[in-house]
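>>> Take this sequence and fold it.
(one chain, ligands or ions: 1)
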Amino acid sequence: MNIKLNDNFDNVKESYLFSEIAKRVNKYSAEHPEAKIIRLGIGDCTLPLTKTVIDAMHKAVDEMGVKETFRGYPPEYGYDFLREAISKYYASNGVDVAADEIFVSDGAKSDCGNIVDILGDNTILIPDPVYPVYMDSNIMSGRKIELISGNQENGFLPMPKGLEVKPYVIYICSPNNPTGATYNKEQLGEWIAFAKKSGSLIIFDSAYEAFIKGDYPHSIYAVEGARECVIEICSFSKMAGFTGTRCSWTVFPKELEVNGKSVQKMWARRQATKFNGVPYVIQRAAEAALSPEGVKEAMANIDYYMSNGKLIGELLKEKGVWFSGGVCSPYIWLKCPNNMKSWDFFDMLLEKVQVVGTPGAGFGDEGEGYFRLTSFGSREATIEAIERLKTIL
Ligand code: PLP
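Down below sits the predicted model:
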């Protein structure tokens with residue numbers, strides 16, 4: 001063929017993190033078939049969908065089988081019932097977001113990746129380490145990227161102080177994947193002040209907001225001024241176990257404008273052209289997840305995961321290992337003991353105690369020397385892993 005391809009893809013690193021983990025684990029298993037390997041690297045929910053969600057899905061499935069209640073293409077931006085339910089969910093956290101500012105989607109990953117469609121050739125500011133989608137989607141579209149370092153000194157919460165004052169598209173993920181670090185209201189206020197001063201846009205990924213405990217904002221719109229400079233992306237995935245069910249939303253406040261052009265209208269146009277909406281059955285399930293009973297059940301599951309995180313955190317404290325996260329997030333980000341490199345620590349854990357985690361180096365250069373454990377395992381597996389880790393930390 002003689003067509004031109006998008007050569008920017010040549011600049012995207014092989015996504016080798018999870019395949020490399022699988023390769024090393026499979027090799028070890030083949031050599032030690034008797035070994036009982038415990039996986040504390042998973043970033044996926046393991047508890048099933050709750051009763052309220054499943055009941056709503058069953059009801060919606062039945063409706064689809066009856067002529068009078070059958071639904072065809074869903075609205076591109078989400079059914080009003082779900083947009084209203086999400087708006088009410090914001091209100092329950094003291095935040096004012098109107099239903100018509102909410103755009104329902106099939107995943108935060110899709111929206112994080114697709115947002116580049118409506119943005120021009122800006123400088124992109126991305127924290128390192130971070131969820132790789134922000135980086136890769138911008139490399140694929142040939143954008144210029146600047147990194148801002150997360151490190152132990154700033155608690156993996158980089159701040160704008162010292163940045164050149166120019167317009168950026170800034171990605172912020174809080175509570176953070178992979179570090180679990182969470183910005184407080186004052187820190188988010190500093191980012192908003194910087195965005196306003198520099199004419200920047202913030203893309204705020206709050207996929208883990210439901211894990212927040214204590215005095216941290218669940219939405220960046222709880223901070224004054226955010227409506228003029230922030231797009232917020234959130235998801236049912238980790239909140240309600242929808243990783244396999246797929247539903248999320250993104251907020252475009254009416255105030256977001258560039259030279260009189262509405263960013264919200266551009267997103268609406270993009271979605272109407274390229275997206276045909278989330279299935280009715282799934283949107284009914286998502287609506288149920290936000291009902292009082294649904295939220296109660298989701299919180300019980302989150303508490304279960306967080307108790308695992310607490311146990312891991314207690315072990316690390318006892319052993320004097322530095323870590324962040326585990327409080328407002330299912331992720332525990334620890335410093336590898338004895339200045340080991342991430343992959344060396346990975347190999348050591350696999351070989352000595354058959355516990356699998358995720359090497360921090362896979363999330364960016366600043367992740368080298370760190371390691372991610374998650375609280376998504378079962379209680380039994382987490383306790384067993386802790387007993388084993390005790391012997392080598
Ligand atoms: N944002 C962050 C920070 C994540 O860690 C993940 C998933 O791991 C996502 C977004 C993707 O969410 P979704 O399942 O809604 O696509």
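>>> where are the low-confidence patches of the stretch 151-300 of the chain?
The stretch 151-300 of the chain contains no residues with pLDDT under 70.
>>> residues from it in reach of the ligand?
The stretch 151-300 of the chain comes close to the ligand at residues C173, N177, D205, A207, S235, S237, T243, S248, as judged by Cβ under 6 Å from any ligand atom. Where C-beta positions appear, they are placed from N, C-alpha and C, glycine not excepted.
>>> Out of those, the closest to S324 would be?
N177 (12.0 Å; Cβ to Cβ).
>>> Shouldn't that closest one be within a helix?
No. Using DSSP: H, G, I helix; E, B strand; the rest coil, the assignment for N177 is coil, not a helix.
>>> got CSV for the residues of the stretch 151-300 of the chain next to the ligand, with distance to Y280 and secondary structure too?
Below are these laid out as CSV (distance: Cβ to Cβ, whole Å; DSSP: H, G, I helix; E, B strand; the rest coil):
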residue, distance to Y280, secondary structure
C173, 30, strand
N177, 30, coil
D205, 26, strand
A207, 23, coil
S235, 19, strand
S237, 19, helix
T243, 20, helix
S248, 16, strand
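>>> and the two most separated of these?
C173 and T243 (16.8 Å).
>>> Show me which of those two is the more surrounded one.
The residue with more neighbours, out of C173 and T243, is C173; 26 against 16, by other Cβ atoms under 10 Å.
>>> any idea how far the more buried one lies from T273?
27 Å (Cβ to Cβ, to the nearest Å).
>>> Same question for R227.
Taking Cβ to Cβ, one finds R227 at 26 Å from T273.
>>> and what of K261?
Where T273 is concerned, K261 sits at a distance of 17 Å (Cβ to Cβ).
>>> can you check F194 too?
For F194 relative to T273 (Cβ to Cβ), the value is 33 Å.
>>> neighbour count winner among these two?
F194 (20 against 9).
>>> can you tell me the helix or strand for that one?
Taking DSSP states H and E as the definition, F194 sits inside helix 185-198.
>>> Buried among the residues of the stretch 151-300 of the chain next to the ligand? Make that a ChimeraX selection.
Those of these that count as buried under 16 or more other Cβ atoms under 10 Å are selected in ChimeraX with:
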select :173,177,205,207,235,237,243,248
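>>> I124 and the ligand, how far apart?
The gap separating I124 from the ligand is 16 Å, by Cβ to the nearest ligand atom, to the nearest Å.
>>> E351: neighbour count?
Neighbours of E351 (other Cβ under 10 Å): 12.
>>> Report the spatially closest residue to it, excluding sequence-adjacent ones.
Of all residues not flanking E351 in the chain, Y28 sits nearest, at 7.1 Å (Cβ to Cβ, 6 or more residues apart in numbering).
>>> can you map out the helices along the stretch 51-200 of the chain?
Secondary structure of the stretch 51-200 of the chain (DSSP state H, counting those that start in this stretch): helices located at 51-64, 80-92, 108-114, 133-140, 185-198.
>>> what's the last one packed up against?
Think helix 185-198. Helix 185-198 sits against strand 168-173, strand 201-205, with contacts defined as 3 or more Cβ pairs under 8 Å, 6 or more residues apart in numbering; DSSP states H and E.
>>> Likewise for the first one?
In terms of contacts (3+ Cβ pairs under 8 Å, 6+ apart), helix 51-64 is packed against helix 280-289, helix 292-318.
>>> Next secondary structure after the last one?
Past helix 292-318, further along toward the C-terminus, the next helix or strand under DSSP H and E is strand 323-325.
>>> circling back: right, and the helices of the stretch 51-200 of the chain - which one's nearest E20?
Here helix 133-140 is closest among those (Cβ to Cβ), at 16.4 Å.
>>> tilt between that closest one and strand 201-205?
Here helix 133-140 runs at 130 degrees with respect to strand 201-205, directions being taken by axes from the mean of the first three to the mean of the last three Cα atoms, to 10 degrees.
>>> check whether helix 133-140 contacts the ligand.
No. Using Cβ under 6 Å from any ligand atom, helix 133-140 never reaches the ligand; the gap is at least 6.8 Å.
>>> contacting residues for A272?
E76 (Cβ atoms under 8 Å, 6 or more residues apart in numbering).
>>> one step back: the helix holding F194 relative to strand 168-173, how many degrees between them?
Here helix 185-198 runs at an angle of 160 degrees relative to strand 168-173 (the same axes, to 10 degrees).
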